[in-house]
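Asks: Next come a sequence and a model predicted from it.
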Amino acid sequence: MTTVDTQTELWTARRVNRTALVTMVVMLLAWSVDYIDRFAISMALPSIGAEFALSKAQQGWLVTVFALVYMVCQIPAGYLADRYGSRRPMLVTLVLWSLFTALTGMAGTFGLLLLVRALFGVCQGCFPAASFKAVAERTTPANRATASGVMLSASGIGAGLAPLIVGPLLMAVGWRHTFFWMAGCGAVIGIAVWAILPKALPERLSSLPEEKAAPAVPRSRVLRSGVVWKFALLFCLVNMLAYGLITWVPSYLVEARHLSLAQTGVLAAIPMLVSIGTTMLGGWLFDRFFHDRARWFLGGILLTTGVLLGLMVTAGSTTEFTVYETLSLGVAGLATMGVFGLPLRVIPPAVIGVGMGIMNFGGQVAGAVAPVVMGWLADRFSYPAAFGFLIGTTLLAAVVAFWVPQRAEQFTFA
């Protein structure tokens with residue numbers, strides 16, 4: 001994946017590459033479990049809505065309450081990861097979120113279901129900052145975007161596999177037992193993933209050369225950094241697309257296109273699975289070509305995505321809708337590491353937990369806003385109006401992409 005300084009022994013170079021590779025695989029699996037557990041609720045919304053007689057806006061709150069709590073936890077979770085390291089927070093969250101996945105299937109009222117989803121959000125909210133810290137500690141700056149791109153491609157794997165796994169389970173055992181099965185599998189896989197995570201690299205390999213001679217950056221300065229918050233805003237706008245489509249496309253296909261759950265599962269999976277490859281490719285492209293000039297890269301991608309979303313909204317057939325949705329998410333996947341690449345490269349590993357906590361806080365604002373706003377638009381107007389909201393946020397993200405810095409020397413913590 002990369003070479004190391006010539007003063008470093010060859011065996012260390014091999015160990016660095018092996019550590020990065022194993023870390024990528026482990027974190028990819030952990031995040032895939034995360035996303036499958038998280039997005040299963042979207043497939044189950046029609047069944048839950050029917051059982052509890054919920055409106056679309058109320059159904060949207062089942063996603064939004066999770067996202068609100070998840071969002072609030074991001075920055076405190078970053079402090080915990082920087083204070084205690086990555087391994088222990090990840091183990092605790094992997095086990096506890098499986099517990100609350102099981103409790104989702106036990107909820108007897110809508111209010112209790114909201115409470116369980118909120119506690120589920122607390123458990124999962126401690127995971128992202130710790131996982132980014134795990135990657136930062138086990139990769140060099142030169143290959144960090146590639147490794148993180150592989151890890152974040154799990155959003156496509158989880159969102160792609162969730163319909164294929166959850167759809168048949170919903171038909172076979174109902175929505176409650178579906179969450180029981182997922183909880184058991186998630187706990188086993190989570191513990192196995194934690195057990196094989198390799199040791200961290202020496203600090204001389206995981207930091208930029210200039211960071212070694214620079215004074216340590218306090219976490220409070222990262223928290224006050226306007227630059228970090230600009231990237232958080234950018235991630236918020238970019239993330240509207242994923243949250244909006246994942247939450248409402250299954251319901252749209254069932255209710256507006258009159259498809260079965262099995263058909264919906266397949267069609268909902270296709271765009272997410274395509275985004276796996278483009279997210280990985282985007283990380284490689286950033287490391288290789290765009291680590292100092294991400295603005296035009298991001299801007300072009302997001303403008304193209306906005307056009308494709310417009311074609312999706314006006315699609316006349318289910319096939320045409322799915323093709324344009326697939327192209328939209330596939331192209332947008334290239335932008336993921338354009339958003340994360342520079343912060344991951346520049347923020348010192350010692351405070352990366354707080355830095356990524358701030359960025360993921362921004363991303364989860366999207367998770368809190370998009371489901372409810374789009375549910376309200378679908379109730380009040382139509383599904384095309386709801387999807388039109390995503391066109392506006394994607395085009396706004398293209399504008400913000402030209403506002404954030406694009407080179408390491410422009411990234412300051414003053």
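Replies: Structure's in. What do you need? Computed from a prediction, not measured in an experiment: that's the story for all the values here.
Asks: Please count neighbours and contacts with C-alpha atoms only from this point.
Replies: Fine.
Asks: Please identify the helix or strand for the closest residue to Thr139 other than its chain neighbours.
Replies: Distance criterion Cα to Cα, 6 or more residues apart in numbering; nearest residue to Thr139, sequence neighbours excluded, is Ala20 at 5.3 Å. Per DSSP states H and E, Ala20 falls inside helix 10-52.
Asks: Can you list the buried residues in the helix or strand following that helix?
Replies: Counting by DSSP H and E, the next helix or strand C-terminal to helix 10-52 is helix 56-84. By 16 or more other Cα atoms under 10 Å, the buried positions in helix 56-84 come out as 56-82.
Asks: and what of stretch 95-112?
Replies: For stretch 95-112, the neighbour count (16+ other Cα under 10 Å) marks 95-107, 110 as buried.
Asks: Please narrow those residues to those residing in helices.
Replies: If you go by DSSP state H, the buried residues of stretch 95-112 have Val95, Leu96, Trp97, Ser98, Leu99, Phe100, Thr101, Ala102, Leu103, Thr104, Phe110 in helices.
Asks: Turn those into CSV, including pLDDT and distance to Ile157.
Replies: Output for those, formatted as CSV (pLDDT from 0 to 100; distance: Cα to Cα, whole Å):
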residue, pLDDT, distance to Ile157
Val95, 81, 21
Leu96, 84, 22
Trp97, 80, 19
Ser98, 83, 18
Leu99, 86, 22
Phe100, 86, 22
Thr101, 86, 19
Ala102, 87, 22
Leu103, 88, 24
Thr104, 86, 22
Phe110, 88, 29
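Asks: Turn those into a markdown table, columns for distance to Pro46.
Replies: Below are these laid out as a markdown table (distance: Cα to Cα, whole Å):
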| residue | distance to Pro46 |
| --- | --- |
| Val95 | 28 |
| Leu96 | 26 |
| Trp97 | 23 |
| Ser98 | 22 |
| Leu99 | 23 |
| Phe100 | 20 |
| Thr101 | 18 |
| Ala102 | 19 |
| Leu103 | 19 |
| Thr104 | 15 |
| Phe110 | 14 |
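Asks: before we move on, the earlier item: now flag whichever of the buried residues of stretch 95-112 is closest to Phe361.
Replies: Trp97 (18.7 Å; Cα to Cα).
Asks: thought the closest one was touching Ala118?
Replies: No. Contact criterion Cα atoms under 8 Å: Trp97 and Ala118 do not qualify, at 10.9 Å.
Asks: So which bits of stretch 283-290 are buried?
Replies: Within stretch 283-290, the residues scored as buried using 16+ other Cα under 10 Å are Gly283, Trp284, Leu285, Phe286, Asp287, Phe290.
Asks: the strands in the stretch 201-350 of the chain, which residues?
Replies: Assigned by DSSP state E, counting those that start in this stretch, the stretch 201-350 of the chain shows no strands.
Asks: Per-residue pLDDT of Glu409, please?
Replies: You'll see Glu409 listed with a pLDDT of 65.
Asks: swap in Met1?
Replies: If you check Met1, the pLDDT there is 49.
Asks: re the thing from before, looking at the buried residues of stretch 95-112, which is nearest Ile191?
Replies: Using Cα to Cα, Val95 comes nearest to Ile191 of the buried residues of stretch 95-112, at 7.4 Å.
Asks: Quick one: distance of stretch 226-240 to the chain centre.
Replies: Relative to its chain's centre, stretch 226-240 lies at 13 Å (Cα atoms, centre = their mean, to the nearest Å).
Asks: repeat for stretch 15-23
Replies: 22 Å.
Asks: Buried residues, it. List them.
Replies: Neighbour-count burial for stretch 15-23, with 16+ other Cα under 10 Å as criterion, is recorded at Val16, Asn17, Arg18, Thr19, Ala20, Leu21, Thr23.
Asks: correct me, but the fifth one touches Ala147?
Replies: Yes. Taking contact to mean Cα under 8 Å, the distance of 7.1 Å between Ala20 and Ala147 places them in contact.
Asks: what do those two both touch?
Replies: Jointly contacting Ala20 and Ala147 under the rule Cα atoms under 8 Å, 6 or more residues apart in numbering are Val135, Thr139.
Asks: what packs against the helix or strand that Cys123 is a member of?
Replies: Using DSSP H and E, Cys123 maps to helix 110-125. Helices and strands touching helix 110-125, by 3 or more Cα pairs under 8 Å, 6 or more residues apart in numbering; DSSP states H and E, are helix 56-84, helix 87-104.
Asks: Tell me who's in contact with Met356.
Replies: Contacts of Met356 by Cα under 8 Å, 6+ apart are Gly78, Pro128, Ala129, Phe132.
Asks: so how far is the helix or strand containing it from its chain's centroid?
Replies: Per DSSP H and E, Met356 falls inside helix 352-380. Mean-position distance between helix 352-380 and its chain equals 11 Å (Cα atoms, centre = their mean).
Asks: Can you pick out the most distant pair from the buried residues of stretch 95-112?
Replies: Distance extremes for the buried residues of stretch 95-112: the farthest pair is Val95 and Phe110 at 24.4 Å, using Cα to Cα.
Asks: Apart from its neighbours in sequence, what residue is nearest Val116?
Replies: Nearest one to Val116, counting by Cα to Cα, 6+ apart, is Thr104 at 6.0 Å.
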